[in-house]
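Undergrad: Structure for the following, please:
(one chain, ligands or ions: 1)
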Amino acid sequence: MQGVDPAWLPDEAFRPIGTRRTLIRGSGPLVDTVHAEVAEACARFGGRVERDAAAGPYDLVLELTGAESGSGGEAFTFERGAGRTTVAACGGPGLLYGLFHVVRLREAAFQGSYGPEEHRPASALRMLDHWDNVAVHPVMGQVERGYAGGSLFWTDGRARGELLGRVGAYGRLLAACGINAVAVNNVNVHETEAHLLTDRIGEVAAIADALRPYGIRVHLSVTFAAPMVLGGLSTADPLDEGVRGWWAETTSRVYEVIPDFGGYVVKADSEGQPGPFAYGRSHADGANMLAAALDPHGGTVHWRAFVYNHRQDWRDRTTDRARAAYDHFVPLDGQFFDNAVLQVKHGPMDFQVREPVSPLIGAMPRTRLAVEVQATQEYTGQQRHVCWLGPMWSEVLRFRPEAGAAVGELARGGLVAVSNVGDDPFWTGHPLAQANLYTFGRLAWQPDANPYRFLDEWIRLTFTPERTEEGARLEAGVSAVLAGSWKTYEKYTAPLGVGWMVQPGHHYGPSVDGYEYSPWGTYHFADRDGIGVDRSVATGTGYAGQYAPAWAKVFESPETCPDELLLFFHHVSYDHVLRSGKTVIQHIYDTHFEGVEEVEKAREGWASLAGLVDPARHARVTERFEEQLRSAREWRDQINSYFLRKSGVADAHGRRIY
Ligand code: GCV
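TA: Numbers count the residues shown, from 1 in each chain. Prediction:
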């Protein structure tokens, strides 16, 4: 698409396929997509593709086989022998994922011998939630927490109409990293957006049409108050027969226009959104009402667990926002219908740069959970800073709440990321933020994989470096900029898991006390002696006790708590000695100086790649690095000065603090 970055699907990535002879066997819409992809590559590079031909020498065979695999047709086998590469799948999606597997392998797909290897996604649902508004919101704009321009789906108060071609291109990118579902509007459902469910469902259907060729199903965020707002009823009580009937009928009409509609996403009783509490009903009552309406059509409700009191009194140290999701939902375990998925943020607070894994995950064995991460960089530099989140997500997904399954396996209801995409020509504002989207998709397919492998894949696909010294320099250079960027960001922002020292509202840039005396439940409690939140059972809020015994024990004591989470779990003095051997205050100073130095180094590294990277992309990242460095220095100076002034403890190395 003209003027739009091809991201991880540049033409060049298809050269190995496009120069060869391919046979495609089978029929169906996604097989047509596979055929179109290969045909286009052949037209460009001179190869040949045939459909359902009997024999002949082929380098690549992509075939639909009859056998059902029980994975929604998404699995495929990959094999190479006797000079031929074969992808076999029992469903169109599997064939498409197999094709993209071949694209990822590049020339290697046609060399040596492989397999047969079985590839199947760990989770059946790999979704992006767009916090997109149809009408520009006076405070949150077109995309809430969006840092990549306007919405891909909505503009001027409507679905994009003829511009939906870009949505098709988006679907293609998503399929190429394994994502199969998209929620098209903000979980904060405002008045205009509420109507997408009823009189404006045609616009959602148009988006679904654009994404369907790539196997992507559409979901819709709905307001719990819809029966009142849209249906004219006097109540939205989930146990009221009239309300239940309204949802059943409305949902049937949705499926008339979108037969493969995925289901609803609901934020209820959270940050001002309506919910079942108003009627004295539980969240299981609310979710199950929608699940019942969706069930006859095979749909699912994703019910968010992000429920907490955002009108807290900061003077009251007994209320702990971190406890909220567990306290609300664990008593409901076993009460949710099978097609009601509880969607849990990966940490107990809200996508900070460092949080422990939510104790809810693992504590509800009789409930299908989906785990939600945030690709949009609300608290991690807003796509002005490089911050590759692969290692953070991987830590979460590999965390074992108890002996047994890891989070990636416990997320039986799927893996979800809040999208970082907009109508920006580079899709994600910061071109390197594409790596987050790509890595999320790949991790959602294989949560126990090494995320650095996906980073390498993304770099090779996106930059298509040649097998030369310069190509190797390009690959290594981009990797050096991204690989450690999350830890760098952590260093110059929030130390030791404390979080929230951001500017209130928009959340960009430092403000140590910005949220300290606010109703949001987001405090660090720094005084002249120490800092941190006591969440121990013995003397604090008891949050540490929400974990299974082994972890509860680790988190309970400052002696055993991992350094990076110390201030999340404990209030300690500035001279408390970390497991690293440093005092807390010296750690704060050191990491903030180091963080800025690492940004300086990354910026230079990027500058040295000029000439190897497409000029427009290079320029955009260069411009972002200027801002990242300015901002990192501001973080360093504000945080260090604040804690020097609070503690009165000098930096052991005598560096400049204000
Ligand atoms: C969509 C945070 C964000 C909100 C967001 C909310 C949520 O509080 O700041 O913008 O609302 O999370 O996940 O619902």
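Undergrad: Could you measure from the residue nearest to Ser641 when sequence neighbours are not counted over to Leu496?
TA: Leaving out its chain neighbours, the residue that sits closest to Ser641 by C-beta to C-beta, 6 or more residues apart in numbering is Tyr658, at 4.4 Å. The C-beta positions use only the backbone N, C-alpha and C, and glycine is treated the same way. Relative to Leu496, Tyr658 is positioned 22 Å away (C-beta to C-beta, to the nearest Å).
Undergrad: Counting neighbours, go ahead and name the busier of the two.
TA: Leu496 (25 against 9; other C-beta atoms under 10 Å).
Undergrad: So that one is in contact with Phe569, correct?
TA: No - taking contacts as C-beta atoms under 8 Å, Leu496 lies outside contact range of Phe569: 9.8 Å.
Undergrad: Can you check which residues contact both of the two?
TA: Common neighbours of Leu496 and Phe569, using C-beta atoms under 8 Å, 6 or more residues apart in numbering, are Gly532.
Undergrad: related to what we said a few turns ago, find me the pLDDT at the residue nearest to Ser641, would you?
TA: Here the pLDDT value assigned to Tyr658 is 97.
Undergrad: need the contact list for it.
TA: 637, 640-641.
Undergrad: which ones among the residues you listed are found in strands?
TA: Of these, none are assigned to strands by DSSP state E.
Undergrad: Okay, and which of those map to helices?
TA: The helices, defined by DSSP state H, take in 637, 640-641 from the contacts of Tyr658.
Undergrad: Please indicate which of those has the highest neighbour count?
TA: Highest neighbour count within these: Asn640, with 23 neighbours (other C-beta under 10 Å).
Undergrad: ok, that one to the ligand distance?
TA: Between Asn640 and the ligand the computed distance is 27 Å (C-beta to the nearest ligand atom, to the nearest Å).
Undergrad: can you pull up the bridge partners for Glu117?
TA: Assessed by DSSP bridges, Glu117 has beta-bridge partners Phe78.
Undergrad: does it really touch Phe78, like I thought?
TA: Yes - counting by C-beta under 8 Å, Phe78 is a contact partner of Glu117 at 4.8 Å.
Undergrad: Which of these two has more residues huddled nearby?
TA: Phe78 (21 against 11).
Undergrad: mind checking pLDDT for that one?
TA: Note for Phe78: predicted pLDDT of 98.
Undergrad: for Leu163, same thing?
TA: 69.
Undergrad: Just the closest residue of the stretch 451-600 of the chain to the ligand, please.
TA: The minimum distance from the stretch 451-600 of the chain to the ligand, using C-beta to the nearest ligand atom, falls at His507 (6.8 Å).
Undergrad: mind checking how far that residue is from Gln382?
TA: Separation of His507 from Gln382 (C-beta to C-beta) stands at 8 Å.
Undergrad: Kindly report the same for Ser608.
TA: Distance from Ser608 to Gln382, by C-beta to C-beta: 26 Å.
Undergrad: So which of the two has more stuff around it?
TA: Per other C-beta under 10 Å, whichever of Ser608 and Gln382 has more neighbours is Gln382, with 24 against 12.
Undergrad: now the residue nearest the centre of the chain, what's its secondary structure?
TA: The residue lying closest to the centre of the chain (C-alpha atoms, centre = their mean) is Ala417, at 2.4 Å. Using DSSP: H, G, I helix; E, B strand; the rest coil, the structure places Ala417 in strand.
Undergrad: The chain should start at 734 in everything you say after this.
TA: With the count now opening at 734, the last piece we talked about shows up as Ala1150.
Undergrad: ok, it touching Ala1108?
TA: Yes - at 4.3 Å, Ala1150 and Ala1108 qualify as touching, with contact defined as C-beta under 8 Å.
Undergrad: overlap in contacts of the two?
TA: By C-beta under 8 Å, 6+ apart, the residues touching both Ala1150 and Ala1108 are 861, 1170, 1173.
Undergrad: OK, contacts around the second one?
TA: What it means is Leu1170. Contacts of Leu1170 (C-beta under 8 Å, 6+ apart): 861, 906, 910, 1108, 1150, 1152-1154, 1160-1161.
Undergrad: which one of these has the most neighbours?
TA: Ser1152 (31 neighbours).
Undergrad: In a helix, Ala868, correct?
TA: No - under three-state DSSP, Ala868 sits outside any helix and is assigned strand.
Undergrad: Ignoring the adjacent residues along the chain, who's closest to it?
TA: That would be Thr925: by C-beta to C-beta, 6+ apart, it lies 4.1 Å from Ala868.
Undergrad: Tell me how many other residues crowd the one you found.
TA: By other C-beta under 10 Å, 17 other residues sit near Thr925.
Undergrad: got the contact list for it?
TA: 866-868, 890 are the contacts of Thr925 under C-beta under 8 Å, 6+ apart.
Undergrad: what residues does this structure put near the ligand?
TA: Residues of the chain lying near the ligand by C-beta under 6 Å from any ligand atom: 864, 877-878, 920-921, 1000, 1039, 1083, 1111.
Undergrad: Show me the two of those that sit farthest apart.
TA: Using C-beta to C-beta, the pair of the residues of the chain next to the ligand lying farthest apart is Lys1000 and Glu1111, separated by 15.4 Å.
Undergrad: And Ile934, its phi and psi?
TA: phi -60, psi -20 (degrees, to the nearest 10).
Undergrad: can you tell me how far it sits from Phe833?
TA: The gap separating Ile934 from Phe833 is 31 Å, by C-beta to C-beta.
Undergrad: Show the secondary-structure elements that the helix or strand hosting Ala1026 is packed against.
TA: Assessed by DSSP states H and E, Ala1026 sits inside helix 1016-1027. If you count contacts as 3 or more C-beta pairs under 8 Å, 6 or more residues apart in numbering; DSSP states H and E, helix 1016-1027 packs onto helix 974-990, strand 996-999, strand 1033-1037, strand 1073-1078.
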